[in-house]
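Enquirer: What follows is a predicted protein model with its sequence.
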Amino acid sequence: MKRGVLLVSLLLLGQSALAYGDSASPAVVELSNLLPPPPAAGSMAAQRDLQAVLAAQRARTAQDMAAAKADSERSVFRFADALGLTTQPAALPKTAAFFERVASLDKAEAKEAKQFWKHPRPSVVSSQVHALSKEKPDDWSYPSGHATFGYTTAVLLTNMLPEKREAIFARAALYGEHRVVMGVHFPSDVEAGKIAGTVIADEILRDPQWQADYAAARGELRHALGLP
């Protein structure tokens, strides 16, 4: 894949020049060259991050916690409510296979960036944080892999189903916010995941090696939803 520069318009972070890596593999993005650094320990930004996690912890209800735990699953079918999709996952094998492939790519790309930054999880930063799940010691916080998957999925679904754009992106935002509710990520992790997911999705959409699977999933989803 050729090295290039992609201009991405993001409301929350005004980063415009995004670097890509050379690779013979499909849709490879060097997130460590793309993302801004996470808030430095002890900085005002880091303190705001922590306070946001603690505020979410104080405000979360039993219903919030159940919803956040359910969104720990990396699956396109977590977006079924936004799509108005009632078809069982087993009836959509092409969609399932495509987004499982997406999830694998996202996880690998986010893991590489996490290893680069080695930013600690909220519960490591403060004993006041009571996370709803126990993460692996070497699974760092920045960027959020779940938020990365959520926004990659949102961009791809929106291109497949532009009629449902607003609901899809609202669901992606909630999917990311749930990582803060869980107490396993800072807001800055989620915002970094938003950038990462957007760029990875753009690469997938432009990469010829993904086009057949993408088209198959798109056709299957639109048929299941009764869309032309």
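Expert: Nice, thanks for sending it over. Numbering: from 1, shown residues only.

Enquirer: could you pull out the strands for this protein?
Expert: In the chain, the segments counted as strands under DSSP state E are 5-7, 17-19.

Enquirer: ranking these by mean pLDDT, which is last?
Expert: For the strands of the chain, the weakest mean pLDDT is recorded on strand 5-7, namely a mean of 34.

Enquirer: Now tell me which helix or strand of the protein has the poorest mean pLDDT.
Expert: Ranked by mean pLDDT, DSSP states H and E, the helix or strand of the chain with the weakest confidence is strand 5-7, at a mean of 34.

Enquirer: Quick one: residues in contact with the lengthiest helix in the chain.
Expert: Identified as the longest helix of the chain according to DSSP state H is helix 93-117. By Cβ atoms under 8 Å, 6 or more residues apart in numbering, the surrounding residues in contact with helix 93-117 are 27-32, 35, 37-38, 74-77, 89, 139-145, 148-149, 152-153, 156, 192-193, 196-197, 200, 204, 213-214, 216-217, 219-221, 224. C-betas here are computed from N, CA, C, even on glycine.

Enquirer: switch to 6 Å and redo it
Expert: Residues outside helix 93-117 that contact it (Cβ atoms under 6 Å, 6 or more residues apart in numbering) are 29, 31-32, 38, 74, 76, 89, 140, 142-143, 145, 148-149, 152, 213, 216-217, 220-221.

Enquirer: swap in stretch 126-138?
Expert: For stretch 126-138, contacts defined as Cβ under 6 Å, 6+ apart pick out Leu50, Val53, Leu54, Met65, Arg121, Pro122, Ser123, Met182, Gly183, Val184.

Enquirer: need those in CSV with distance to Phe169, neighbour count and pLDDT, can you?
Expert: Shown next, in CSV, are these (distance: Cβ to Cβ, whole Å; neighbours: other Cβ atoms under 10 Å; pLDDT from 0 to 100):
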residue, distance to Phe169, neighbour count, pLDDT
Leu50, 27, 18, 98
Val53, 23, 27, 98
Leu54, 27, 16, 98
Met65, 24, 16, 98
Arg121, 26, 23, 97
Pro122, 25, 27, 98
Ser123, 29, 18, 97
Met182, 21, 24, 98
Gly183, 24, 24, 98
Val184, 22, 25, 98
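
Enquirer: Quick test: name the residue nearest the centre of this structure.
Expert: Geometric centre of the chain, nearest residue: Thr148, 2.1 Å, by Cα atoms, centre = their mean.

Enquirer: Show the contacting residues for that residue.
Expert: Thr148 touches Asp106, Ala110, Gly193, Ala196, Gly197, counting by Cβ under 6 Å, 6+ apart.

Enquirer: how deep is the closest residue to Trp140 other than its chain neighbours tucked in, by neighbour count?
Expert: Once flanking residues are discounted, Trp140 sits nearest to Lys114: 3.9 Å by Cβ to Cβ, 6 or more residues apart in numbering. The tally of other residues near Lys114 (other Cβ atoms under 10 Å) stands at 21.

Enquirer: Likewise for Phe99?
Expert: 24.

Enquirer: mind listing the helices in this protein by residue range?
Expert: Secondary structure of the chain by DSSP H: the helices cover 31-34, 44-59, 62-70, 80-83, 93-117, 122-125, 145-160, 165-181, 187-206, 211-224.

Enquirer: Rebuild these as TSV, extending it with distance to Lys134.
Expert: Listed next are the helices of the chain as TSV, based on distance: least, Cβ to Cβ, whole Å:
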stretch	distance to Lys134
helix 31-34	25
helix 44-59	16
helix 62-70	12
helix 80-83	27
helix 93-117	17
helix 122-125	9
helix 145-160	15
helix 165-181	14
helix 187-206	17
helix 211-224	33
